[in-house]
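A.B. asks: sharing a model that was predicted from the sequence below.
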Amino acid sequence: MEYVAKRCGVKFDPPSIVLVYEDGKTKKMRQRIMPVRNFSKFSDCSLAAERLKSNARHSAYLQGVSLQQLERLHGVLRDRLRGHTLEQSLAELRPDPDQDLNKLSDEELARRKAHMDVLFERNRKRKDDPDFVYDLEVEFPEADDRGTCSWDESEDGF
Amino acid sequence: MARGTSDLSELDQEKYDADERVKIICLGDSAVGKSKLMERFLMDGYRPEQLSTYALTLYKYTTTVDGKAVLVDFWDTAGQERFQSMHPSYYYKAHACIMVFDVQRKITYKNLANWYKELREYRPEIPCIVVANKIDADLKVTQRNFNFAKKQGLPLYYVSAADGTNVVKLFKDAIKLAMSYKQNSNDFMDEVMRELENFELEQKEETSDKEDNVSKEEKDQLP
Ligand SMILES: Nc1nc2c(ncn2[C@@H]2O[C@H](COP(=O)(O)OP(=O)(O)O)[C@@H](O)[C@H]2O)c(=O)[nH]1
Ligand SMILES: [Mg+2]
């Protein structure tokens, strides 16, 4: 690969995605600022991310950056346009495991699911993987051999 | 929900009385992986039917049990779990239940108690399987007991929709349980259910304005 992506970030003014990458030929670290065009607080982040990733001038640099990450970065930019602070957006990106996801709006829930998709895709076995087994059965220790779960310890009305 | 009574006739749930048909419902919080589990089981062969007015998705599946062809309808919620409660027609005539939590989020485990309570209000007898999903994220959970299942005397399956562990076994066993429940019960509860349901729908009409507002807001927030 010609350009090896190292880190990604955002710039608020003008709204841009910033990429730090290594130039494969020169082995030098470089920074690329990609302004996000036609983007408003009403924009669809996943569409905008796809647009950037397939942009003729940027796509070669963004090979190693996942669509999910670009989508999250657009989310941070959009949050800013909506008047949220950076801290608020980052807090959402570092999800609180105790949060009740039943209470989120469709859009917030979709964002949380996009975040979960990173691990899901990483661990996913696909039909065309050589070691794919449709009916994969794995036996785990019998109930009596299992330890107790800390979730059961505090008997908060359960 | 003034349209409540037509819910049942439009969905034609009487068909579930036929010998060769079963209805299996999925329950659990938002994002525990209910839909991913369905998709993993059905792979490419699935034909989901979106019933967006009812916020549910139906997956049809044909198989053979003891040499007999069986048509299974899996019912999955499509957002109704937000209200932490399902419409009675969701439970109506169900023959088995798959109740899922996310091993990475304690709250989804704690909420099982609420889902189970609601299930038993409508379907006191049907077989129910507790499912610990996303074990690929942390295999150590398979060495731990989740007491809820044991306390309620329910089977517990450790699965992963991502890598496929025990997913097919889960669904096949659920179908077997649904079939044997169907063959061994005369479903008299359904009649009682129907009475309860009509009663509840009448009561709900008074609050229908408020409910409509909720669903409008939900739509407005769609991206
Ligand atoms: N790591 C991992 N993630 C999963 C698994 N199953 C689901 N997920 C993630 O959880 C998210 C929510 O799943 P979904 O099926 O939409 O949940 P539902 O709201 O219960 O139908 C998905 O977007 C996936 O990223 C699993 O077995 N392992
Ligand atoms: Mg779902």
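C.D. replies: Sure thing, it's come through. Ligands and ions are numbered 1, 2, ... in the order given.

A.B. asks: close to ligand 2, is the one helix or strand B:Ile24 maps to?
C.D. replies: Assigned by DSSP states H and E, B:Ile24 belongs to strand B:21-27. No: against ligand 2, strand B:21-27 shows no contacts by C-beta under 5 Å from the ion, the least distance being 8.3 Å. The way it works is simple: take the backbone N, C-alpha and C, and place the C-beta from them, glycine included.

A.B. asks: which non-adjacent residue is nearest B:Ala162?
C.D. replies: A:Asn123 (4.2 Å; C-beta to C-beta, 6 or more residues apart in numbering or on different chains).

A.B. asks: residues in contact with the one you found?
C.D. replies: Each residue near A:Asn123 by C-beta atoms under 8 Å, 6 or more residues apart in numbering or on different chains is listed here: B:Asp136, B:Ala137, B:Ser160, B:Ala162, B:Asp163.

A.B. asks: among those residues, which pair sits farthest apart?
C.D. replies: For these, the maximum inter-member distance is 10.2 Å, found between B:Ala137 and B:Asp163 (C-beta to C-beta).

A.B. asks: which one's more surrounded, the two?
C.D. replies: B:Asp163 (20 against 17; other C-beta atoms under 10 Å in any protein chain shown).

A.B. asks: thinking again about what came up before, any chance of the contacts of A:Asn123 in CSV, with pLDDT, distance to A:Ser105 and secondary structure too?
C.D. replies: CSV is the format used below for these (pLDDT from 0 to 100; distance: C-beta to C-beta, whole Å; DSSP: H, G, I helix; E, B strand; the rest coil):
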residue, pLDDT, distance to A:Ser105, secondary structure
B:Asp136, 97, 28, helix
B:Ala137, 95, 25, helix
B:Ser160, 98, 28, coil
B:Ala162, 98, 26, coil
B:Asp163, 97, 31, coil
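
A.B. asks: which one of those is nearest to ligand 2?
C.D. replies: Of all the contacts of A:Asn123, B:Ala162 has the smallest distance to ligand 2: 15.1 Å, by C-beta to the ion.

A.B. asks: give me the neighbour count for the closest one.
C.D. replies: Neighbours around B:Ala162, by other C-beta under 10 Å: 24.

A.B. asks: before we move on, what about the one 10 residues further on?
C.D. replies: Neighbour count of B:Lys172, defined by other C-beta under 10 Å: 14.

A.B. asks: which parts of the helix or strand containing it are buried?
C.D. replies: Using DSSP H and E, B:Lys172 sits in helix B:167-184. Across helix B:167-184, burial judged by 16 or more other C-beta atoms under 10 Å in any protein chain shown covers B:167-171, B:173-175, B:177-179, B:181-182.

A.B. asks: quick one: is that helix near ligand 1?
C.D. replies: No: Helix B:167-184 lies out of reach of ligand 1 by C-beta under 6 Å from any ligand atom, never closer than 8.5 Å.

A.B. asks: packing partners for that helix?
C.D. replies: Here helix B:167-184 touches strand B:21-27, helix B:34-42, strand B:56-65, strand B:68-77, strand B:96-102, strand B:128-133, strand B:156-158, going by 3 or more C-beta pairs under 8 Å, 6 or more residues apart in numbering or on different chains; DSSP states H and E.

A.B. asks: which stretches of chain A form strands?
C.D. replies: A:3-11, A:16-23, A:29-35 (DSSP state E).

A.B. asks: just name the most buried of the ones you listed.
C.D. replies: Stretch with highest mean neighbour count among these: strand A:16-23 (a mean of 18; mean count of other C-beta atoms under 10 Å in any protein chain shown).

A.B. asks: that one: partners in the sheet, and parallel or antiparallel?
C.D. replies: strand A:3-11 (antiparallel), strand A:29-35 (antiparallel) (DSSP bridges).

A.B. asks: so how far is the first one off the chain centroid?
C.D. replies: Put plainly, it is strand A:3-11. 14 Å (C-alpha atoms, centre = their mean, to the nearest Å).

A.B. asks: can you tell me what sits against that strand?
C.D. replies: Strand A:3-11 is contacted by residues A:16-24, A:29, A:33, A:60-65, A:69-70, A:73, A:76-77 when judged by C-beta under 8 Å, 6+ apart.

A.B. asks: packing partners of the regular element (helix or strand) spanning B:Ser89?
C.D. replies: Following DSSP H and E, one finds B:Ser89 within helix B:88-91. In terms of contacts (3+ C-beta pairs under 8 Å, 6+ apart), helix B:88-91 is packed against helix B:4-11, helix B:112-122, helix B:188-205.

A.B. asks: show me the contacts for residue 118.
C.D. replies: Going with chain A. A:Ser66, A:Gln68.

A.B. asks: try chain B instead
C.D. replies: With contacts defined as C-beta under 8 Å, 6+ apart, the neighbours of B:Glu118 are B:Ser85, B:Met86, B:Tyr91.

A.B. asks: ok, so of those residues, who is nearest chain A?
C.D. replies: B:Ser85 (10.0 Å; C-beta to the nearest C-beta).

A.B. asks: hang on, A:Thr148 packs against B:Lys150?
C.D. replies: No: counting by C-beta atoms under 8 Å, A:Thr148 does not reach B:Lys150; the two are 10.5 Å apart.

A.B. asks: ok, back up a step: flag the least confident of the contacts of B:Glu118.
C.D. replies: Lowest pLDDT within the contacts of B:Glu118 is found at B:Ser85 (88).

A.B. asks: excluding chain neighbours, what is closest to it?
C.D. replies: Using C-beta to C-beta, 6+ apart and skipping the chain neighbours, the partner closest in space to B:Ser85 is B:Glu118 (6.0 Å).

A.B. asks: which of the residues in the longest helix along chain A are buried?
C.D. replies: Scanning chain A for the helix with the most residues, using DSSP state H, yields helix A:106-123. The neighbour-count check on helix A:106-123 (16+ other C-beta under 10 Å) flags A:Leu109, A:Ala110, A:Arg111, A:Arg112, A:Lys113, A:Ala114, A:His115, A:Met116, A:Asp117, A:Phe120 as buried.
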